[in-house]
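S.K.: The sequence and its predicted three-dimensional model are supplied below.
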Amino acid sequence: MAHQEEIKQFQTLMEDLDDSLKETFKNVHQGNPTDTLVRFLKARDWNVSKAHKMLVDCLRWRIENDIDNILAKPILPAELYRAVRDSQLVGVSGYSKEGLPVIAVGVGLSTHDKASVNYYVQSHIQMNEYRDRVVLPSASKKHGRYIGTSLKVLDMTGLKLSALNQIKLMTVITTIDDLNYPEKTETYYIVNAPYIFSACWKVVKPLLQERTRRKMQVLQGNGRDELLKVRQLFQLTFLSAHSCNRLTIYFRMI
């Protein structure tokens, strides 16, 4: 309520978009345009002009890269797709008590070494779009209220310093997420962090926006007790047979 004026100003600016930008905006907001505007306003500290520029740039990026149709463009051949997904361990593992999807990411065991950077970027964008167009709308329908964010559990099991060899890929992905998918993750829970995590974090931390860094929580061990207390994770349905095995075991413990 404290930012109604900024929201109204943003809505007025959006009325002047050309038809092509308005059309791709539909795939972004999925029937919740005001909540989407709020996401971009938060990402730019409620500065309307900056938030408007950010969103317009995002919509132009979507048109230039045909993002609206990316889910209909599988990575081919099938063997390459499978290799990419098996070395980029991400899966929806269930829902929090509040209904937020819980996305498990096997950071430490993801090698990202079976294809070029472009294929991993395409795969990452496809997962973002599937989350925004399928997972989150389904969660909203199920719980009878708008759900626009998810939780991420980042499992560092198996993390090695060699993971820093993928810094180019990490830079591209974090830039895409910061500019085009702002405020989509409520909290990042880091679990099973080995002793080398601090060294890797020093390299990765500057790549992240401050607002993203504030959402990071490093939990002790597998974080079971903390996650039960903070989110009471439940209703864990394994939607991806190729999600991280270590996280699958961990969530079954809960």
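M.R.: All right, it came through fine.
S.K.: can we go C-alpha only for contacts and neighbour counts from here?
M.R.: Fine.
S.K.: can you pull out the strands in the stretch 1-150 of the chain?
M.R.: Using DSSP state E, counting those that start in this stretch, the strands of the stretch 1-150 of the chain run over 90-95, 101-106, 150-155.
S.K.: can you pull the contacts of Lys26?
M.R.: By C-alpha atoms under 8 Å, 6 or more residues apart in numbering, the contact list for Lys26 reads Pro33.
S.K.: Just want the phi and psi numbers for Gly99.
M.R.: Per-residue torsions, Gly99: phi 90, psi 0 (degrees, to the nearest 10).
S.K.: Which residues are in contact with it?
M.R.: Counting by C-alpha under 8 Å, 6+ apart, Gly99 makes contact with 139-140, 143, 147.
S.K.: Lowest-confidence one in these?
M.R.: Lowest pLDDT among those: His143, with 91.
S.K.: Give me the distance between it and Gly108.
M.R.: From His143 across to Gly108, the span is 33 Å (C-alpha to C-alpha, to the nearest Å).
S.K.: So which of those two has more stuff around it?
M.R.: Gly108 (21 against 13; other C-alpha atoms under 10 Å).
S.K.: quick one: Cys174 from Leu80, how far?
M.R.: Heads up, residue 174 is Thr, not Cys. For Thr174 relative to Leu80 (C-alpha to C-alpha), the value is 23 Å.
S.K.: between those two, who's got more neighbours?
M.R.: The neighbour comparison of Thr174 against Leu80 (other C-alpha under 10 Å) goes to Thr174, with 17 against 14.
S.K.: Now do the SS call for the more buried one.
M.R.: Recorded secondary structure, Thr174: helix (DSSP: H, G, I helix; E, B strand; the rest coil).
S.K.: Could you double-check that it lies in contact with Lys205?
M.R.: No - assessed by C-alpha atoms under 8 Å, Thr174 is found out of contact with Lys205, at 10.8 Å.
S.K.: Going by residue numbers, what spans are helices in the stretch 1-150 of the chain?
M.R.: 4-14, 19-29, 33-43, 48-64, 78-86, 117-130, 136-143 (DSSP state H, counting those that start in this stretch).
S.K.: Adding distance to Gly158 as columns, could you present those in a markdown table?
M.R.: Shown next, in a markdown table, are the helices of the stretch 1-150 of the chain (distance: least, C-alpha to C-alpha, whole Å):
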| stretch | distance to Gly158 |
| --- | --- |
| helix 4-14 | 44 |
| helix 19-29 | 35 |
| helix 33-43 | 33 |
| helix 48-64 | 35 |
| helix 78-86 | 15 |
| helix 117-130 | 20 |
| helix 136-143 | 30 |
